[in-house]
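Student: quick one, structure for this:
(one chain, ligands or ions: 1)
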Amino acid sequence: MITSLFQVIPLPTEIADAARRAVNAGAPDHELITVDSPESSPCRQCLRWAQPGERVILFPYAAIPSGHPYSESGPIFVHANDCQRYSTTNEYPADFRNGRVFRAYDSSYNIIDAKIVNGSEPEVVIESLFQNRDTAFVDVRSVTRGCFTFRVQRASRG
Ligand SMILES: [Zn+2]
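Tutor: Prediction:
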């Protein structure tokens, strides 16, 4: 059996649930949207495209926490209804094989490298970024809009 060298980290369920509570409470920075076109709204919890007609919440998420030069907060979607957090974390999510940029960060949250797929497979790009021992994690983002999609860490060796 081939084990991948990386582990996909979907958005924590606590954060998705907090967004669901916030939109119900009328938070001005949380918006409830009905998806109207395919492949427009990636859910960060189940790591699938929301389908037309499904409702999603749009809200800001600090993928890189404040207090660092590369601190960054930006808009993400989660399904408005409960969805299953992505669980096959040793596999790259099938819905996002295209249109992503891969940013390598060190343990101080500095960007140290970035690549696009550019004809290669995403697994190959991720593993090439982890060949740098200073890479602590890789953030996968939309190549066009820049929005955070999910994080990838080195697989823990058991
Ligand atoms: Zn979802």
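
Student: count the residues that sit near Pro28.
Tutor: 6 (other C-beta atoms under 10 Å). Placement of C-beta: from N, CA and C, glycine included.

Student: tell me what Ile9 is bridged to.
Tutor: Arg151 (DSSP bridges).

Student: distance of it relative to the ion?
Tutor: Separation of Ile9 from the ion (C-beta to the ion, to the nearest Å): 15 Å.

Student: can you get me a residue count around that residue?
Tutor: Ile9: 16 neighbours (other C-beta under 10 Å).

Student: contacts only, for it.
Tutor: Ile9 is in contact with 89, 137, 150-153, counting by C-beta atoms under 8 Å, 6 or more residues apart in numbering.

Student: and the longest strand along the chain, is it in reach of the ion?
Tutor: The single longest strand within the chain, with elements called by DSSP state E, is strand 55-64. No: counting by C-beta under 5 Å from the ion, the ion is not contacted by strand 55-64; separation bottoms out at 8.0 Å.

Student: again with stretch 67-84
Tutor: Yes: on the criterion C-beta under 5 Å from the ion, stretch 67-84 is in touch with the ion at 79, 83.
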